[in-house]
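Trainee: No letters, just coordinates:
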């Protein structure tokens, strides 16, 4: 690659990434893609990033990080209880028992 092309790449790259809107939620920073709408969290809930409307809507929820106890299974169960609330956590967490798809083993 010529030095001129490399210099152009170095100069153009920050311009392309500067167009994304960066938001911060506690220790988490994330870029909101162009065209997506960012909604601040209500009370202690998640922030949302939304694209589209009506029947064609995509929503991404961004949650504040939770502290770790050092036990991944206990941390998952605690996070599930805090975020989902309406359903019990899947059990077993790490075993995939379906006959279709990747079994993870």
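Mentor: Good, I have the coordinates. Every value quoted in this text rests on a predicted model; they were computed, and no experiment measured them.
Trainee: ok, now which ones touch the closest residue in space to residue 25 that isn't next to it in sequence?
Mentor: Using Cβ to Cβ, 6 or more residues apart in numbering and skipping residues adjacent in sequence, the residue nearest residue 25 is residue 47, 5.1 Å away. Every residue, glycine included, has its C-beta placed from N, CA and C. Listed by Cβ atoms under 8 Å, 6 or more residues apart in numbering, the contact partners of residue 47 are 23, 25, 38-41, 61-62.
Trainee: what about 10 Å?
Mentor: Contact analysis of residue 47 by Cβ atoms under 10 Å, 6 or more residues apart in numbering lists 23-26, 28, 30, 32, 38-41, 60-64.
Trainee: Then residue 63?
Mentor: Residues counted as contacts of residue 63 (Cβ under 10 Å, 6+ apart) are 25-26, 28, 41, 45-47, 79, 82-83.
Trainee: Buried members of those residues into ChimeraX, please.
Mentor: Buried residues among the contacts of residue 63 (16 or more other Cβ atoms under 10 Å), as a ChimeraX selection:
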select :46,47
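Trainee: need the contacts of residue 63 in JSON lines with pLDDT, secondary structure and distance to residue 53, can you?
Mentor: Listed next are the contacts of residue 63 as JSON lines, based on pLDDT from 0 to 100; DSSP: H, G, I helix; E, B strand; the rest coil; distance: Cβ to Cβ, whole Å:
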{"residue": "25", "pLDDT": "88", "secondary structure": "strand", "distance to residue 53": "24"}
{"residue": "26", "pLDDT": "88", "secondary structure": "coil", "distance to residue 53": "29"}
{"residue": "28", "pLDDT": "89", "secondary structure": "strand", "distance to residue 53": "26"}
{"residue": "41", "pLDDT": "87", "secondary structure": "coil", "distance to residue 53": "21"}
{"residue": "45", "pLDDT": "82", "secondary structure": "coil", "distance to residue 53": "21"}
{"residue": "46", "pLDDT": "88", "secondary structure": "coil", "distance to residue 53": "20"}
{"residue": "47", "pLDDT": "91", "secondary structure": "strand", "distance to residue 53": "19"}
{"residue": "79", "pLDDT": "89", "secondary structure": "helix", "distance to residue 53": "30"}
{"residue": "82", "pLDDT": "85", "secondary structure": "helix", "distance to residue 53": "29"}
{"residue": "83", "pLDDT": "84", "secondary structure": "helix", "distance to residue 53": "25"}
